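In: sequence and predicted structure, then a few things I'm wondering about:
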Amino acid sequence: MTSQEELKELLNYDPTTGEFIWLVNRGPMGKGSAAGWMDGKGYRYITIDGKKRGAHRWAFLYMEGAMPDEVDHINNVRVDNRWSNLRGCSRSDNMRNASLSKANTTGVKGVSLNSRNGNYLVRIRVGGVYKSFGEYGVLELAELVAREVREKYHGEYYNHG
């Protein structure tokens, strides 16, 4: 595993911009050039000592000296690796801050349509288990309830999405 000291010998990280710059020549990437590449999902990756890691994870090693289990982009912008936008978290906390799923048909996080009666069902994960918070005939009311329970149970990881 690369240490914080080794990382700082190879790269400079600007916490205000989230950018990494090479301090050494790395193959075709010369000293002073931007480090890493974008993957198809919008994350920036940097390879060091044969280990490909997200720039957001390298930022934690650079700033804190260790990598947490997961790193959450607070604003959900995957390429935004500014230090103020990153926080260490658990997998479940990271999922609480996830954007609205493409499979969601109501456009509201935590709300699905009950096809049997046409009502909107509010359900969120609490303690690793789905918990129901009622059915509502109007989407706007279901959305209001979903936002309130997500804010209550998801705390700082609550995402309006």
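Out: Right, received. Where do you want to start?

In: drop to CA atoms for contacts and neighbour counts, all remaining ones
Out: Noted.

In: other residues contacting the longest helix seen in the chain?
Out: Scanning the chain for the longest helix, with DSSP state H as the assignment, gives helix 139-154. For helix 139-154, contacts defined as Cα atoms under 8 Å, 6 or more residues apart in numbering pick out 93, 96, 108-111, 120-124, 126, 133, 135-136, 158-160.

In: check the offset of stretch 133-152 from the chain's centre.
Out: Centroid displacement of stretch 133-152 relative to its chain, using Cα atoms, centre = their mean, to the nearest Å, is 24 Å.

In: oh, I was asking about stretch 44-64
Out: The answer for stretch 44-64 is 15 Å, by Cα atoms, centre = their mean.

In: can you list the residues that contact that stretch?
Out: The contact list for stretch 44-64 (Cα under 8 Å, 6+ apart) reads 2-4, 7-8, 13, 18, 20, 35-39, 43, 66-68, 70-71, 78-79, 81, 83, 86.

In: just the pLDDT at the residue of the chain most remote from its centre, thanks.
Out: Outermost residue of the chain with respect to the C-alpha centroid, by Cα atoms, centre = their mean, is residue 117; its distance is 35.1 Å. Per-residue pLDDT puts residue 117 at 95.

In: helix/strand/coil for it?
Out: Under DSSP: H, G, I helix; E, B strand; the rest coil, the three-state class of residue 117 is coil.

In: helices of the chain, residue ranges please.
Out: Using DSSP H, helices in the chain cover 4-10, 55-64, 91-96, 139-154.

In: in TSV: these, plus mean neighbour count, distance to residue 25 and mean pLDDT.
Out: Compiled in TSV, those are given as follows (neighbours: other Cα atoms under 10 Å; distance: least, Cα to Cα, whole Å; pLDDT from 0 to 100):
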stretch	mean neighbour count	distance to residue 25	mean pLDDT
helix 4-10	15	9	96
helix 55-64	22	18	97
helix 91-96	16	35	78
helix 139-154	17	44	90
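
In: minimum distance to residue 28: which of these has it?
Out: When these are compared by Cα to Cα, helix 4-10 sits nearest residue 28, at 14.8 Å.

In: and that closest one, how far from the chain's centre?
Out: 25 Å.

In: one more: stretch 16-35?
Out: Remark: stretch 16-35 is offset 24 Å from the chain centroid, using Cα atoms, centre = their mean.
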